[in-house]
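Engineer: Sequence first, predicted model second:
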Protein chains: 2
Amino acid sequence: MTDTVVHIAQRPKRGDAARNYDALLLAARSEFESHGTSASLTDVATRAGVAIGTLYRHFPTRETLIEALTRDSLHGLIRHAEELESSSEAEAALREWVAHAVDHASVFRGLAALLSEEFYREGTPNHAACEQMHGAAERLLARAQAARTVRDSVTSDELWSIILSAAWIRETSPAEADRSNVVLRFALDGITVAPTP
Amino acid sequence: MTDTVVHIAQRPKRGDAARNYDALLLAARSEFESHGTSASLTDVATRAGVAIGTLYRHFPTRETLIEALTRDSLHGLIRHAEELESSSEAEAALREWVAHAVDHASVFRGLAALLSEEFYREGTPNHAACEQMHGAAERLLARAQAARTVRDSVTSDELWSIILSAAWIRETSPAEADRSNVVLRFALDGITVAPTP
DNA sequence: ATCTTACCTGAGGGTGCCTCCGGTTATGAT
DNA sequence: ATCATAACCGGAGGCACCCTCAGGTAAGAT
C-alpha cells in the first residue's frame, strides 16, 4: 500500500480561487522583480485586485509565495542538469549548468539570500528546491572530477556557495556593472585542475 | 597614545551628549552583532537607556550609525594595506589583505550588502569608506600584476566583488559551515597567472 | 544666579505584517 | 431548481517598527 506520503487527488480549486491564485502570482512576479523579495505584500494583493486576507489564504508566508513563483524555473534547471549529464564534455557541462543556476538564483533581488537561508533549514518551503539544485550540482561536479578536470578536493557545498555568491553579486550590483560572470569564471578557473609545470 | 579619534575642530560635545553617543554605539554594536544591520533601532535606543529621538539626533540614518560603528575597523584595514604595500611578496600581500578585508566586511550580517550598495552611490555615509578600501585593493592588485603573479586582465572592481561576495558567504552561512575562505581561495587562485598551455 | 541653547523626550502619524471571523458564493447532491 | 456546505473572500484590528517634531530640561558660559 501507500505508506509514503501521497498527495491525494486534491479536489480542484473553485473557479474564483484559481483566478485569484493566478492573479496573485502575476502581481507578485511583477512586484518582486522591481522591489526584490521584500516587496510589500499589501501592494501585491492590491495589484492583484484582491484583499490581503486572500493573499495569505493562498500563500501563508512570503516564502511559499516565492516558492510557487520560482517552481517552474527550478524544474527547468533540474531538467537541464539531467540533459547535461549525458553531454560529452564534463567540464563544459558543469560550467554551463552553473551559469544557468546563477541565472535562476538571481531573478529577484534577495533570492540568493533566501536560498542560502533555506538550504540550511529543513522544512522551509524552498528547502527541497535547494536540495535538488544541490544534488544536480553534485552530480555534474563528480563527473568533472572523474574526468580529472576539476580538483578532487572541491565539495558540492563549496560549489553551491560559488553559485549563490555569484547570484548575489548579480542582484547586488547595477546591471551595467555586473561582475558576476567574471567572478564566477575566476572561481571556476580556481577549481579546475591546474596543469602544474 | 595616539587614539584614532582625532576628529578636529568641532566644538566639544556636551557631557550628556557624549555619554549618550557612546552608550548608543555600544548598544548598537551588540544589537547589530546579534540581529544584523536591520536590527531594530528602537531596541538599540532602549538598550542604550535613551529615547528614540536621541538616537536619531546623533545618527540621522541607520547608515550613519553603521558608519560610526565600523570606522575604526576600516582605519585599521587601510593602515594594514599601507604596511603591506612595502611588504616583500606581492601576491602574499594581496592575499593577506583581501582576507582581512573580508573579515571587516562581514562583522555584521548585512554589512556586505550595505557596502556594495553604497559603493555605487556617492554621498552615502559609507561611500568614502568603500572608496578607500577599493583604492587599497587597487594598489595591492597592481603590485601583484606588476610582479606577474596575477592576470593583467583582472580589474580592481572585480577584486572588490570577490571580497564582498566572500564576506556575503560568511555572513550568510552558519558558522560551522563557513565556506568563505575556501571560495575566496578559489577565486584568488583563478586570478593568478596560469601557465597557459 | 542667570541665561542661552544644545540636548532630550516620547507621543504621534505613517507603513507594513499577519490574524481572525463574519459574510459570500461556487459547487455537488437532492 | 433548490439546498446545504464547505471553500472562499474581505478588511478591520493588533502589533512592530520607522522617523519627526514641539516642548520641556539642564549643561555650561557669563
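Structural biologist: That came through, no problem.

Engineer: Show me what from chain A comes close to chain B.
Structural biologist: A:113, A:116-117, A:120, A:154, A:157-158, A:161-162, A:164-166, A:168-169, A:172-174, A:177, A:179-180, A:182-183, A:185-191, A:194-195, A:197 (Cβ under 8 Å from any Cβ of the partner chain). No exception for glycine: its C-beta is placed from N, CA and C like everyone else's.

Engineer: Tell me the secondary structure at the residue of chain A found nearest DNA strand D.
Structural biologist: Minimum separation of chain A from DNA strand D (Cβ to the nearest atom of the strand) falls at A:G53, amounting to 1.8 Å. At A:G53 the chain is in helix, as set by DSSP: H, G, I helix; E, B strand; the rest coil.

Engineer: Just give me the neighbour total for it.
Structural biologist: 8 (other Cβ atoms under 10 Å in any protein chain shown).

Engineer: Only the buried residues of stretch A:63-81, if you could.
Structural biologist: Using 16 or more other Cβ atoms under 10 Å in any protein chain shown as the burial criterion, the residues of stretch A:63-81 that qualify are A:63, A:65-70, A:74, A:77, A:80-81.

Engineer: ah, wrong one, I meant stretch A:112-125
Structural biologist: Across stretch A:112-125, burial judged by 16+ other Cβ under 10 Å covers A:112-119, A:124-125.

Engineer: Now for those residues: which two are most distant?
Structural biologist: A:A112 and A:P125 (15.9 Å; Cβ to Cβ).

Engineer: quick one: contacts of stretch A:139-150?
Structural biologist: Residues outside stretch A:139-150 that contact it (Cβ atoms under 8 Å, 6 or more residues apart in numbering or on different chains) are A:81, A:84-85, A:90-91, A:93-94, A:97-98, A:151-152, A:154, A:156, A:159, A:191-193.

Engineer: Ok, stretch A:156-167 next?
Structural biologist: So stretch A:156-167 is contacted by A:98, A:101-102, A:104-106, A:111-112, A:115-116, A:119, A:133-134, A:137-138, A:141, A:180-181, A:183-184, A:187-188, A:191, B:165-166, B:168-169, B:172-173, B:177, B:179-180, B:182-183, B:186 (Cβ under 8 Å, 6+ apart).

Engineer: Derive a PyMOL selection command for the buried subset of those.
Structural biologist: Only the buried entries of the contacts of stretch A:156-167 go into this PyMOL selection, using 16+ other Cβ under 10 Å:
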select buried, (chain A and resi 98+101+102+104+105+106+111+112+115+116+119+133+134+137+138+141+180+183+184+187+188+191) or (chain B and resi 165+166+168+169+172+173+179+180+182+183+186)
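
Engineer: From the contacts of stretch A:156-167, which land in strands?
Structural biologist: Counting by DSSP state E, no part of the contacts of stretch A:156-167 is found in strands.

Engineer: List, one by one, the residues from chain A near DNA strand C.
Structural biologist: A:12, A:14-16, A:38-43, A:52-53, A:56, A:60-62 (Cβ under 7 Å from any atom of the strand).

Engineer: Going by neighbour count, which of the residues you listed comes out on top?
Structural biologist: That'd be A:A39 among those, by other Cβ under 10 Å, with 21 neighbours.

Engineer: Looks to me like that one is in a helix.
Structural biologist: No. Read with three-state DSSP, A:A39 is coil and lies in no helix.

Engineer: wait, doesn't it sit right on A:E31?
Structural biologist: Yes. The pair A:A39 and A:E31 qualifies as a contact (Cβ atoms under 8 Å) at a distance of 4.2 Å.

Engineer: give me the number of residues near the residue nearest to A:E138 when sequence neighbours are not counted?
Structural biologist: Counting by Cβ to Cβ, 6 or more residues apart in numbering or on different chains, A:E138 lies nearest to A:S156, which is 3.8 Å off, once chain neighbours are set aside. A:S156 has 16 neighbours, counted by other Cβ under 10 Å.
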